[in-house]
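1. With the sequence up front, the predicted model follows.
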Amino acid sequence: MTDLKRVIKCSECKRKLAEADKFNYLSLKCPRCKTINILRTESSPPECHEHLAEQKHGTDGEQTRLQPTG
């Protein structure tokens, strides 16, 4: 599996603030120019079938599991 890290730089002074591979929302204050940098992912990664199954509920309130097809 490839480890892809994104270099996060200040939008104002371009100072390197961090490196990150996964985040949904990130707010960083630049120590140099004090700019608040807010970053959000453009799209969420697809969720696995097991995680989706844990979120599904039947009509009687009990959790139901998705059955694999194929």
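-> Received the coordinates, thanks.
2. for this structure, what spans make up the helices?
-> Assigned by DSSP state H, the chain shows helices spanning 49-55.
3. Ranking helices and strands of it by mean pLDDT, which lands last?
-> helix 49-55 (a mean of 51; mean pLDDT, DSSP states H and E).
4. Around the residue nearest to Asn37 when sequence neighbours are not counted, how many other residues sit close by?
-> Nearest residue to Asn37 in three dimensions, chain neighbours excluded: Leu28, at 4.8 Å (Cβ to Cβ, 6 or more residues apart in numbering). Yep, even glycine has a C-beta here, placed from its N, CA and C like the rest. Applying other Cβ atoms under 10 Å, we find 16 residues neighbouring Leu28.
5. and what of the one 5 residues further on?
-> Per other Cβ under 10 Å, the neighbour tally for Cys33 reads 12.
6. Can you give me the pLDDT of it?
-> Here, the pLDDT recorded for Cys33 equals 97.
7. Verify the contact between it and Cys13 for me.
-> Yes: the pair Cys33 / Cys13 is scored as a contact, 4.4 Å apart, by Cβ atoms under 8 Å.
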